[in-house]
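1. After the sequence you'll find the predicted model.
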Amino acid sequence: MPRRSFPLGPEALGLIEDARIDLLRAALAVRDGDNEPEFELPEHIPDLDDDDAVDAFRGQLIEMLAEFDVDELRPVETRSRRIRALATGKGITSLETIVAQKLDHERGQEFDEQPDPLCRSIWAFLNARATFEDAESFHFARQFRDHRKLYDAFEVDLENAVPIDAASIDELALAMRIKAVLELKPAISCTVRALDLPSTDAHPASIMLIVRHGGPLSSVYNHRDDGRRAAIYYRPPNEATLIYTPSLRQIEVCADSPLVRQQVSDTFAEVTLNHDISQKPLTWKRYNLTRFRSSLALERPAIEGYDISCARVLEAEVRLGHWRRKLLLKVTIDDDIEKVADRYLGARNVFRRAERFSRIGIAVVYSRAGDATERTLNITISGTKSCNLQSHKDPDERSLGFALLQEWGILNPFRQIDPANLRTMFVELVKLHDRVEDEVTGQYLGELGLDPQQLIEGGLLERRDRQDIVLIEDGDIDGEGAVRPSEKTGMVHTVGPFGEDAGEVPAADLDKYALNADWLHETILRLLKPLLTRRGSQQVLDQDLTLLGAMEIGGAEVPLFFARRLNDLKTVERLDLALRARNQAGVGIVLAASEVMPSHLGPSVVVPLLSNIAPAEEELVVSRDGLELAFRSNFALARGGATPQVLRSGKQSGMLHVPGKDPLNLTGADQITIFERLVAAQKAGSPDVQVKQLMDGLGSRSPQQAFRPKTWGSIRDVYIAKGEKRGYWRLVTAQASPEAAV
């Protein structure tokens with residue numbers, strides 16, 4: 001007998017099997033929305049000491065829930081996962097820490113009286129939801145700290161550090177300031193919760209801030225019981241978590257947006273720490289280990305107030321092609337690590353041609369001015385964001401360490417790029433953001449006229465490894481060549497596919513960099529903001545499409561979008577579908593980063609961004625007059641034009657215009673041919689076209705096969721419908737609607 005599928009997920013099943021049944025029944029009965037089903041669970045709770053009755057009750061709950069679909073049980077699975085996460089491992093420690101701070105004595109005692117961690121987690125979820133959610137944020141913060149997956153870390157250069165704890169923070173004032181900085185609408189609330197984090201073996205005592213606010217208004221379509229669809233509008237929750245460690249003078253911040261991370265950190269430093277960021281901006285920690293490709297030796301820098309007698313690399317770790325393969329070399333302070341590597345690994349060893357250093361350990365022998373005591377400072381850098389100096393208790397040693405790293409070019413402080421410079425490089429930044437790949441080479445940046453170091457310090461780039469294979473097209477050499485070290489400073493040697501000498505090329509051209517796509521996106525949108533007459537409604541509709549807000553044309557507000565990668569037909573088809581689903585907003589403008597693009601996306605006019613750059617003396621980076629002219633010139637076609645027509649923009653792309661309908665992007669020769677034949681039949685006065693004639697020479701038997709399923713579902717009976725006779729298709733117009741055909 002076949003076993004029927006079981007809709008309950010593992011988290012819900014685990015909760016049913018392990019939780020005390022009275023709390024279990026209460027947790028399963030929770031409904032966070034009217035769209036969740038009512039399970040009608042049994043009211044009577046058996047004797048907790050009767051094992052047989054308890055087991056039967058658990059089985060009864062499973063059988064009752066098994067009658068519902070997987071979609072209906074998804075909220076239960078999500079709640080069960082949250083409850084169980086705070087009942088195991090560090091989850092229960094996080095919950096107990098926050099409960100001790102937030103609950104009064106009576107409720108805290110009731111929490112402590114629960115018999116086990118799972119019961120305590122369920123009790124908090126049922127009786128102290130806000131405290132439970134704060135504990136979740138604390139738990140997540142602990143995870144990204146322990147795994148060192150910090151989104152951003154900043155150093156605060158305080159002249160006079162004052163004692164600070166959660167109780168001393170004015171949550172209301174901080175929330176109001178953050179709301180103003182993030183430009184949130186008056187109707188959107190912003191809350192700040194401050195919590196004390198006790199010290200652990202891994203981390204000193206800290207303060208955690210949980211910043212919560214509503215995101216841009218969004219909507220989803222709901223299928224109603226009568227078969228129609230209706231939009232449900234909602235405001236998604238946004239959250240930023242900030243951890244400040246007073247002993248380290250360090251801010252760690254976690255949030256989806258890089259701009260929010262910086263703004264929240266700056267605001268906290270100004271409001272809570274009374275720090276003047278205009279005079280001393282927060283230092284953004286980025287460690288660059290590429291200097292060790294050329295040499296593992298360190299010079300002795302001159303640091304005021306210190307006498308540096310020795311500085312040596314004691315350990316170096318490199319990755320061998322794959323991140324899981326690594327080679328670590330350790331020596332003593334009396335050894336020269338370069339000589340050891342050359343002696344035992346060969347003159348041209350892996351450290352001289354390393355793709356990426358993942359760990360460097362440095363020992364510094366020094367003495368302070370006026371003190372004869374010789375001291376040793378050990379510095380360990382792991383990757384681009386982690387350094388053990390952050391956990392040094394001695395502030396003088398910590399300052400010395402960071403000063404040394406800056407002298408050696410290892411520490412890259414964050415320097416906000418001047419707005420005037422950003423405007424100058426706006427065209428190049430747009431071209432970078434329009435790329436499909438998120439990695440660029442030094443050669444490509446040089447062709448654009450961009451300075452990699454400036455972009456790194458501004459947070460737009462991160463260093464990666466160096467190309468080890470290059471494409472050579474020079475004279476008799478044609479193919480992939482290898483890269484070898486060179487005796488010339490700043491150069492590398494290239495070797496052809498058969499060992500031919502292909503000459504020297506600048507090493508900087510082969511350096512690879514990763515784009516910080518989120519920060520680059522935020523930077524471009526910030527430069528476009530002055531175009532808007534209505535702000536605060538920015539919304540990411542797709543990874544390649546963002547609603548900026550609205551600009552005023554002719555006394556009316558016109559939706560303004562930013563799109564990239566429109567030279568890809570799949571992206572065009574996806575974004576066209578997304579904008580046609582939002583056609584209730586009317587005709588809008590899509591600012592396209594790409595140079596090759598369709599004329600319309602949905603009901604919106606596509607305008608090439610780079611062809612409408614304003615003169616340098618104007619305030620706006622984009623010409624408002626140019627956008628308005630393009631909008632007015634293409635407005636009629638955006639509403640379908642006067643007669644049905646297909647306008648080709650290439651062999652594989654075109655646009656269908658039907659009066660009264662949004663333009664439809666056609667991607668692929670088959671789609672274009674189908675609608676050209678339907679339009680021709682409509683204009684000839686015989687709108688119905690036999691399917692055999694319609695698909696002649698296209699290699700398929702139905703027009704449906706020329707479209708993706710999602711696209712076909714959106715255009716059938718809207719642009720194309722079956723004709724009056726079986727086996728015929730027609731173009732849908734006001735005169736030839738699907739109802740008229742029937």
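-> In hand now; what should we look at?

2. how about the helices of the stretch 201-350 of the chain, start to end?
-> Ranges of helices within the stretch 201-350 of the chain are 258-271, 337-345, based on DSSP state H, counting those that start in this stretch.

3. right, and those - which one's nearest residue 370?
-> helix 337-345 (32.3 Å; CB to CB). Yep, even glycine has a C-beta here, placed from its N, CA and C like the rest.

4. Show me what the closest one is packed against.
-> Packing partners of helix 337-345 (3 or more CB pairs under 8 Å, 6 or more residues apart in numbering; DSSP states H and E): strand 306-320, strand 322-330.

5. in that helix, what's buried?
-> 337, 338, 341 (16 or more other CB atoms under 10 Å).

6. Now it - C-alpha only, PDB.
-> Only the C-alpha atoms of helix 337-345 are listed here, as PDB (Å, rounded to 0.1, in the frame of the first residue of the first chain):
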ATOM      1  CA  ILE A 337      60.800  33.500   6.500                       C
ATOM      2  CA  GLU A 338      61.700  34.300   2.900                       C
ATOM      3  CA  LYS A 339      65.000  32.400   3.200                       C
ATOM      4  CA  VAL A 340      63.300  29.400   4.800                       C
ATOM      5  CA  ALA A 341      60.700  29.400   2.000                       C
ATOM      6  CA  ASP A 342      63.300  29.600  -0.700                       C
ATOM      7  CA  ARG A 343      65.500  26.900   0.900                       C
ATOM      8  CA  TYR A 344      62.800  24.300   1.500                       C
ATOM      9  CA  LEU A 345      60.100  25.200  -1.100                       C
END
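
7. give me every residue that touches residue 693.
-> residue 677 (CB atoms under 8 Å, 6 or more residues apart in numbering).

8. That one sits in which helix or strand?
-> helix 691-694 (DSSP states H and E).

9. Could you list the buried residues of that helix?
-> 691, 694.

10. what's the following helix or strand after that helix?
-> Next along from helix 691-694, by DSSP H and E: helix 709-715.

11. Contacts for that following helix next, please.
-> Taking CB under 8 Å, 6+ apart as the rule, helix 709-715 contacts 573, 577, 580, 581, 664, 704, 707.

12. Could you export that helix as CSV, CA atoms only?
-> Taking C-alpha atoms only, helix 709-715 is exported to CSV below (Å, rounded to 0.1, in the frame of the first residue of the first chain):
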residue,chain,number,x,y,z
PRO,A,709,5.3,29.4,-19.3
LYS,A,710,5.1,32.5,-17.0
THR,A,711,5.1,34.9,-20.0
TRP,A,712,2.6,32.9,-21.9
GLY,A,713,0.2,32.9,-18.9
SER,A,714,0.5,36.7,-18.8
ILE,A,715,-0.2,37.3,-22.5
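
13. mind giving me a markdown table with the helices and strands packed on helix 337-345 and columns for mean neighbour count and mean pLDDT?
-> Listed next are the helices and strands packed on helix 337-345 as a markdown table, based on neighbours: other CB atoms under 10 Å; pLDDT from 0 to 100:
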| stretch | mean neighbour count | mean pLDDT |
| --- | --- | --- |
| strand 306-320 | 18 | 87 |
| strand 322-330 | 11 | 77 |
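
14. Adding distance to residue 639, write the ones you listed out as TSV.
-> Shown next, in TSV, are the helices and strands packed on helix 337-345 (distance: least, CB to CB, whole Å):
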stretch	distance to residue 639
strand 306-320	57
strand 322-330	53
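
15. how about those, which one is nearest residue 640?
-> Closest among these, using CB to CB: strand 322-330, at 53.2 Å.

16. Could you tell me which of the contacts of helix 709-715 are located in strands?
-> Assigned to strands by DSSP state E, the following of the contacts of helix 709-715 qualify: residue 664.

17. Farthest pair within the contacts of helix 709-715?
-> 581 and 704 (19.9 Å).

18. Show me which of the buried residues of helix 337-345 is closest to residue 450.
-> Looking across the buried residues of helix 337-345 and measuring by CB to CB, the closest to residue 450 is residue 338, at 33.3 Å.

19. Quick check: that closest one touching residue 296?
-> Yes: in terms of CB atoms under 8 Å, residue 338 counts as a neighbour of residue 296; the distance is 4.9 Å.

20. in the stretch 351-500 of the chain, which ranges drop under the pLDDT threshold?
-> 351-355, 385, 390-393, 395, 412-416, 465, 468, 473-479, 487 (pLDDT under 70).

21. now the strands: where do they sit in it?
-> 357-368, 375-382, 386-387, 439-441, 461-466, 469-474, 477-485, 491-495 (DSSP state E, counting those that start in this stretch).

22. who does the last one pair up with?
-> So that's strand 491-495. Strand 491-495 has the following strand partners under DSSP bridges: strand 477-485 (antiparallel), strand 501-506 (antiparallel).

23. Alright, calling it a day.
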